[in-house]
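# Structure of the sequence below:
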Amino acid sequence: MSIDDRLRTVGGGPAKLLYAADTIRRIGVGKSAKALTAKNTCKACAYGMGGQRGGMTNELGEFPSVCNKSVQAQSTDIQPAIPESQFTRPLEALRRLSGREMEQLGRLDTPLFREAGADRYRPVTWDFAIAHAAEKLQATDPARAFFYSSGRSSSEAGFVFQLLARLWGTNNINNCSYYCHQATSEGLATTIGKGTSTVELEDLTGADMIFVIGANPSSNHPRFIHMLKNCRDRGGDVVIINPAKEPGLVKFAVPKSPGSMLKGGTEIASDYLQPRIGSDIALFKGLMKAVLAMGAEDRAFIEAHTDGYQALKADLEALDWETISARCGLSRAEIERVATRYANRQRVVFAWGMGMTHHINGVDNVEAIANLALLRGMVGKRHAGLLPLRGHSNVQGIGTIGVKPVVSEEVFAAMEAAFGVTLSRAKGHDTMSGLQAAADGKIDAAVIMGGNLWGATPDTAFASKAMDAIGFKMFLTTTLNRGHVNGLGAGESLVLPVTARDEEWSPTTQESMFNYVRLSEGGIRRLAHTRPETVILSDLAMRLLPDTPVPFDRFKEHRHVREAIAKIVPGMEQMGAIDVARREFHIRNRVLHTPQFGTADGKAHFVVTPTPDSPASLTLATVRSEGQFNTMIYEEQDSYRRKAGRDTVFLNAEDMAGFGVVDGQKVTLRSDAGEMIATALSFDLPRGSALAYYPEANVLCGTAVDPRSKTPAFKSVPVSLSVA
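Next up is the predicted model:
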């Protein structure tokens with residue numbers, strides 16, 4: 001299949017509608033309709049929809065605001081309970097299941113316990129589970145434990161989670177953003193003094209140019225494609241910066257647009273730049289250098305609202321075009337072409353994904369994007385700004401309410417004042433340092449709320465070693481995944497079944513990537529024995545901390561948790577009455593429609609970022625498929641990438657010829673961390689670049705992290721290739 005043939009693949013379209021319809025039929029039309037129309041926030045990506053306007057409506061009132069990811073997420077939660085006969089199977093049999101097979105066992109509806117050294121789980125009662133967890137934690141030094149949360153949980157559960165940990169005596173509290181967008185938070189803090197998006201959803205409706213950098217929203221944020229289409233329809237530009245020429249970013253048949261469907265798809269990218277993996281800063285500097293050469297910088301904005309411009313300008317002047325092109329693999333003409341588009345636009349949004357953050361210099365990448373935006377005054381006005389494309393539906397909310405090792409002194413003091421307690425300021429472990437400590441025998445217990453920490457961790461051999469070494473693990477989850485049967489070691493494990501978002505016993509809140517807080521009603525009853533995370537954590541807290549003044553018994557009703565959040569977390573004052581007013585809101589002081597920055601001097605700061613050396617001769621990036629969400633695998637083949645299987649490595653066609661490899665041939669990939677047998681497929685990539693699927697390719701990823709964000713380099717892995 002030629003590259004031209006491959007690019008005839010169109011994102012979205014009738015195939016996705018048929019897939020969604022088939023999924024709905026499989027799980028039941030009535031159940032699906034109830035789940036999708038109830039007043040609950042979407043369970044998929046942080047783009048967000050649902051809540052008080054209705055399950056398929058966003059904050060702009062757009063209906064239907066729903067996508068394939070929404071349907072996939074609902075399909076998991078609507079499953080019946082796992083048959084009890086499955087729990088008689090030994091762990092070794094469960095380990096042989098694929099991620100998809102594990103997810104499709106059904107919903108967990110009974111607490112499970114694995115005794116030390118046992119070869120299987122057994123069902124236990126809730127009374128036993130809570131009492132045993134409290135007993136194990138009481139026997140543990142809090143400094144030798146860590147708490148980890150995914151972005152699936154509610155803000156209320158996250159607040160109770162981190163409060164329990166801190167009261168018990170540890171700040172080893174982290175969330176999945178340390179493996180995804182922590183570099184964004186760090187890079188935006190140094191440049192604009194805020195760590196989240198500067199735009200709201202409405203801003204996208206008036207942008208005349210949108211950059212999409214290091215992200216594939218056709219697979220991972222499909223509803224964002226609708227905004228890209230609208231930008232093109234208004235005569236605007238969409239510029240994609242991505243090593244891979246993703247078919248869904250070239251052309252996409254938007255299901256909610258009859259015109260787009262009838263004509264076989266809409267052109268999404270007006271321009272498409274493909275830098276080598278890991279060379280983005282050289283490209284960004286080339287774009288800035290070209291803007292300056294055209295005199296297109298916003299001099300009034302720079303003078304009034306920024307600092308550090310002269311140092312940035314000197315750095316760009318010292319960098320020659322030959323070096324820029326040699327590092328990123330793009331010609332001066334290609335870079336100047338896009339810079340000219342940028343110079344002629346007045347309202348530009350910069351959106352990026354983990355293709356920017358999953359590097360040893362991920363923070364530098366984000367700072368360079370901010371530099372490019374600030375150079376033309378594109379931060380601090382309507383319809384322009386910075387938009388990190390966050391992953392899970394409440395990952396940003398989990399961070400906002402304090403599920404992280406360090407919170408501000410203001411928040412610490414507010415928690416102490418609200419509850420009459422004293423909290424430690426000791427430095428806590430981030431995710432990777434917590435697992436490094438575990439591998440070194442320094443962690444005895446872990447409480448893991450959602451997600452698949454084992455599967456999400458780079459260097460699978462290391463992940464197994466670290467998790468094996470933790471003597472007691474407690475998981476809170478809706479379904480079983482491979483992280484519940486691998487990395488168990490010789491210790492004990494409890495797996496506790498929790499309610500899904502639309503099953504919560506009282507309303508919960510979630511925060512989108514646009515800093516928008518939604519209220520989810522909950523209330524659907526599907527299973528007999530699941531419990532909300534706040535109920536489980538509060539019951540545990542009352543046993544673990546019998547003398548605490550914190551009213552954990554009241555926190556089982558979420559409005560009391562929200563009242564506490566409103567008093568403690570800056571910008572969240574409206575949380576206290578959201579269940580009464582039913583008024584969803586943007587968090588105060590985050591959306592920037594005026595140039596008022598959160599830095600000490602109130603100005604945005606240009607940051608001079610080092611220009612990385614040329615990438616290795618073959619550099620691999622891990623990617624997600626269209627049929628997955630994070631570590632959850634819904635489909636074994638990728639409909640947007642030649643129906644590739646999970647063991648595929650995508651390569652440049654000329655590189656394949658040089659290796660003497662043809663499509664479908666087995667090859668061995670090796671890195672400093674490990675090796676992987678893969679099936680080679682040609683794809684439109686720059687020479688020296690390769691892609692393989694996460695989490696399968698984690699065996700190749702090392703544990704080194706960005707020194708500032710502590711995020712691993714999942715997307716810049718030097719590898720070698722040989723015929724298997």
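# Look up phi and psi at Y309.
With angles defined as degrees, to the nearest 10, Y309 shows backbone torsions of phi -60, psi -40.
# Would you mind measuring from it to M474?
Note on Y309: its distance to M474, by CB to CB, to the nearest Å, is 51 Å. In this view, the C-beta of every residue, glycine as well, is placed from N, C-alpha and C.
# Give the burial count for P549, as a bare number.
Applying other CB atoms under 10 Å, we find 9 other residues in the vicinity of P549.
# In three-state terms, label it for me.
coil (DSSP: H, G, I helix; E, B strand; the rest coil).
# confidence score at it?
Here, the pLDDT recorded for P549 equals 97.
# ok, it - contacts?
By CB atoms under 8 Å, 6 or more residues apart in numbering, the contact set of P549 is F419, G420, V421.
# repeat for L292
Contacts of L292 (CB under 8 Å, 6+ apart): K313, L316, L375.
# Helix, strand, or coil at it?
L292 ends up helix, using three-state DSSP.
# picking that back up, between Y309 and M474, which one's more packed in?
Legend: neighbour count by other CB under 10 Å for Y309 and M474, higher for M474 (22 against 18).
# Show me what the more buried one is bridged to.
V447, L494 (DSSP bridges).
# ok, it - contacts?
Here M474 is in contact with A133, K136, A445, A446, V447, I448, S493, L494, L496 (CB under 8 Å, 6+ apart).
# I'd say the first one and V495 touch.
No: at 11.2 Å, A133 does not count as touching V495 under the criterion of CB atoms under 8 Å.
# Helices of the stretch 601-724 of the chain, start to end?
For the stretch 601-724 of the chain, applying DSSP state H, counting those that start in this stretch gives helices covering 653-659.
# where in it is pLDDT low?
Within the stretch 601-724 of the chain, no range satisfies pLDDT under 70.
# go on, the chain?
1-9, 16-19.
# now the contacts of P549 in JSON lines, with distance to G214?
Below are those laid out as JSON lines (distance: CB to CB, whole Å):
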{"residue": "F419", "distance to G214": "41"}
{"residue": "G420", "distance to G214": "46"}
{"residue": "V421", "distance to G214": "42"}
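# Identify those among those that sit within helices.
F419 (DSSP state H).
# Do a quick rundown of the helices in the stretch 251-400 of the chain.
With DSSP H, counting those that start in this stretch as the criterion, the stretch 251-400 of the chain has helices spanning 258-262, 280-293, 299-305, 309-318, 321-328, 332-343, 354-357, 362-375, 395-400.
# In TSV: these, plus distance to L435.
Output for those, formatted as TSV (distance: least, CB to CB, whole Å):
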stretch	distance to L435
helix 258-262	45
helix 280-293	28
helix 299-305	41
helix 309-318	36
helix 321-328	33
helix 332-343	40
helix 354-357	19
helix 362-375	18
helix 395-400	19
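# quick one: which of those helices is nearest W168?
When the helices of the stretch 251-400 of the chain are compared for distance to W168 using CB to CB, the nearest one is helix 395-400, at 18.7 Å.
# Need the contact partners of that closest one.
46, 149-151, 153-155, 158, 175-177, 180-181, 185, 196, 390, 509-513, 515, 517, 569, 572, 587.
# so how far is that helix from its chain's centroid?
Taking CA atoms, centre = their mean, to the nearest Å, one finds the center of helix 395-400 at 11 Å from the center of the full chain.
# picking that back up, and which of the contacts of L292 is nearest to R122?
Closest approach to R122 among those (CB to CB): L375, at 61.3 Å.
# For the closest one, which non-adjacent residue is spatially closest?
Nearest residue to L375, sequence neighbours excluded (CB to CB, 6 or more residues apart in numbering): E297, at 5.2 Å.
# Same check on R582?
Here the residue nearest R582, using CB to CB, 6+ apart, is Q52, at 5.2 Å.
# sorry, back to before: for the contacts of helix 395-400, which PyMOL command selects only the ones that are buried?
Buried residues within the contacts of helix 395-400, by 16 or more other CB atoms under 10 Å, are selected in PyMOL with:
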select buried, resi 46+149+150+151+153+154+155+158+175+176+177+180+181+185+196+390+509+510+511+512+513+515+517+569+572+587
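# Any buried residues in the lengthiest strand in the chain, and which?
Using DSSP state E, we find that the single longest strand of the chain is strand 675-682. Buried positions in strand 675-682, judged by neighbour count with 16+ other CB under 10 Å: M676, A678, T679, A680, L681, S682.
# residue ranges for the helices of the stretch 51-200 of the chain, please.
Under DSSP H, counting those that start in this stretch, the stretch 51-200 of the chain gives helices at 68-77, 91-95, 99-103, 126-138, 155-168, 182-191.
# Indicate which one of these is closest to V403.
Taking the helices of the stretch 51-200 of the chain one by one with CB to CB, helix 155-168 is closest: 4.6 Å.
# which helices and strands does that closest one pack with?
Secondary-structure packing of helix 155-168 (3 or more CB pairs under 8 Å, 6 or more residues apart in numbering; DSSP states H and E): strand 145-149, strand 173-175, helix 395-400, strand 445-449, strand 508-511, helix 533-544, helix 558-568.
# Need these in JSON lines (columns: distance to G688).
Converted to JSON lines, the helices and strands packed on helix 155-168 look like this (distance: least, CB to CB, whole Å):
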{"stretch": "strand 145-149", "distance to G688": "35"}
{"stretch": "strand 173-175", "distance to G688": "34"}
{"stretch": "helix 395-400", "distance to G688": "32"}
{"stretch": "strand 445-449", "distance to G688": "37"}
{"stretch": "strand 508-511", "distance to G688": "39"}
{"stretch": "helix 533-544", "distance to G688": "45"}
{"stretch": "helix 558-568", "distance to G688": "48"}
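# Which one of the contacts of M474 is nearest to F629?
Once CB to CB is applied, the member of the contacts of M474 that ends up nearest F629 is I448, at 18.2 Å.
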